[in-house]
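> Mind folding the following:
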Amino acid sequence: MATAKRLFVLQYGAERVSKALSLVGGDPEHYYWEPLFGALVETDAGWVLFDTGMSRANHESAEVERVYRGGEAATEPLDERPWHLRPSPPADRCTWGLPGDPLVAALAPLGLQPGDLSLAVVSHFHWDHSGGIATLAAAGVPVAVHADELAWARSGAPFDAGFDARDWTAPGTQWQTVDAETEVAPGVALLPTPGHTPGHLSCWVTLPGTGSWIFTADATDLAQNLLDDVPCGSCAGGTAADEQQAEESLALLLARTRETDARLIPGHDQVVLNAIRHPPGGHR
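As a prediction, the model looks like this:
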């Protein structure tokens, strides 16, 4: 695979979720603040973004807050164990996002606007990953997604908690679909890793100096998934076949990492995200 030029890691916000959602067998009463982030890659074909965070509308939604609180209204401060990492989360909400449109705010320190992107990739349609699609559509940026994910969304299946149909029905969205491992720009390849959702994608970036990086999105949320070889704790399809695919996707990611000596980056681990914070000028 060709190499990209440089890589930036963008944090859009964070969400408070049960460990059971991140790990098979995780304690449902143990909650983490898990970051919402994306990978921005400069390539010879332009800027490519992997994942877009949550929309401002959903950050501010009372219904979304009730989902995160297990169906209860947001009337009391959260019962939190001490949080030792930066950034510091709020005491009264289960999500936080950068001011205004989190996608626009994350790009701004780099001197970029959504319209400067040549392509965006959405790993899957959970609202904490796909909330920037409307912003991208308005800016005329094509959005790549797995064909199975788009077909599943359009079938009406994913209307339970964690999905917002507005994310895949944004007017004017220029969809580009993939159905196999695909290099979408020099140094940027998409790896199908189904299970968490039927068309989940991970992203493999190759840089000239630091080599391979694999961003797993929700195929693995935490470093513990990778260290202990434990699949993601939630499969939206809800079948034994989905759970089997999640196990196979984890095995694929670990095998690809062994083959390429990649930096394997789980999708929702604040310790890992802080550790890979990009230097001035990005990772190269």
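> Surely Phe163 touches Trp127?
Yes: in terms of CB atoms under 8 Å, Phe163 counts as a neighbour of Trp127; the distance is 6.3 Å. All C-beta atoms are positioned from the backbone trio N, CA, C, and that covers glycine.
> Which of these two has more residues huddled nearby?
Between Phe163 and Trp127, Trp127 has the larger neighbour count (other CB atoms under 10 Å), namely 25 against 19.
> for that one, what are its contacts?
Listed by CB atoms under 8 Å, 6 or more residues apart in numbering, the contact set of Trp127 reads 54-55, 58, 64, 162-164, 167.
> and if you look at Phe37?
With contact set as CB under 8 Å, 6+ apart, Phe37 has these partners: 9-12, 51, 53, 273.
> Then Val145?
Val145 neighbours (CB under 8 Å, 6+ apart): 121-122, 124-125, 175-178, 199, 201.
> again, but for His129
Taking CB under 8 Å, 6+ apart as the test, what His129 contacts is 36, 51-53, 122-123, 217-218.
> and the contacts of Phe37, which of them are in strands?
In strands, judged by DSSP state E, the following of the contacts of Phe37 are found: 9-12.
> next structured bit after the helix or strand Leu107 falls within?
Using DSSP states H and E, Leu107 sits in helix 102-107. Reading on from helix 102-107 to the C-terminus, the next helix or strand found by DSSP H and E is strand 117-121.
> Run through who's touching the helix or strand just after that next one.
Per DSSP H and E, the first helix or strand lying C-terminal to strand 117-121 is helix 133-138. Outside helix 133-138, the residues that touch it by CB under 8 Å, 6+ apart are 52, 55, 101, 103-104, 114, 117, 120, 122, 143, 166-168, 170-174.
> Please repeat the previous calculation with a cut-off of 6 Å.
With contact meaning CB atoms under 6 Å, 6 or more residues apart in numbering, helix 133-138 is reached by 101, 103, 114, 120, 143, 167, 170, 172-173.
> can you give me how far the helix or strand following it is from the chain middle?
Sequence-wise, the next helix or strand downstream of helix 133-138 (DSSP H and E) is strand 143-146. The chain centroid and the centroid of strand 143-146 are separated by 13 Å under CA atoms, centre = their mean, to the nearest Å.
> Please export the C-alpha coordinates of the helix or strand just after strand 143-146 as CSV.
Where DSSP H and E defines the elements, the next helix or strand beyond strand 143-146 is helix 147-154. Extracted in CSV, the C-alpha atoms of helix 147-154 (Å, rounded to 0.1, in the frame of the first residue of the first chain):
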residue,chain,number,x,y,z
ALA,A,147,-22.6,-1.2,1.6
ASP,A,148,-24.1,-3.6,4.2
GLU,A,149,-24.3,-0.8,6.8
LEU,A,150,-26.2,1.5,4.4
ALA,A,151,-28.5,-1.3,3.3
TRP,A,152,-29.2,-2.2,6.9
ALA,A,153,-30.0,1.3,7.9
ARG,A,154,-32.3,1.8,5.0
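> Need the residues that contact helix 147-154.
By CB under 6 Å, 6+ apart, helix 147-154 touches 124-125, 168, 177, 179, 198-199.
> Quick one: buried ones out of these?
Buried subset of these (neighbour count, 16 or more other CB atoms under 10 Å): 124-125, 168, 198-199.
> Tell me the one among the residues you listed nearest to Glu247.
Pro198 (15.1 Å; CB to CB).
> average pLDDT for the helix or strand encompassing Ala20?
Counting by DSSP H and E, the element that carries Ala20 is helix 19-22. Averaged over helix 19-22, pLDDT sits at 96.
> just checking, what packs against it?
Other helices and strands packing on helix 19-22, by 3 or more CB pairs under 6 Å, 6 or more residues apart in numbering; DSSP states H and E, are absent; none qualifies.
> Distance from that helix to the middle of the chain?
Offset of helix 19-22 from its chain centre (CA atoms, centre = their mean): 15 Å.
> Next secondary structure after it?
Next along from helix 19-22, by DSSP H and E: strand 31-43.
> so that next one versus strand 117-121, what angle?
Going by axes from the mean of the first three to the mean of the last three CA atoms, to 10 degrees, strand 31-43 is angled at 140 degrees with respect to strand 117-121.
> ok, strand 31-43: who's next to it in the sheet?
Sheet pairing of strand 31-43 (DSSP bridges) gives strand 6-18 (antiparallel), strand 46-50 (antiparallel).
> Name the residues of it that are buried.
By 16+ other CB under 10 Å, the buried positions in strand 31-43 come out as 31-43.
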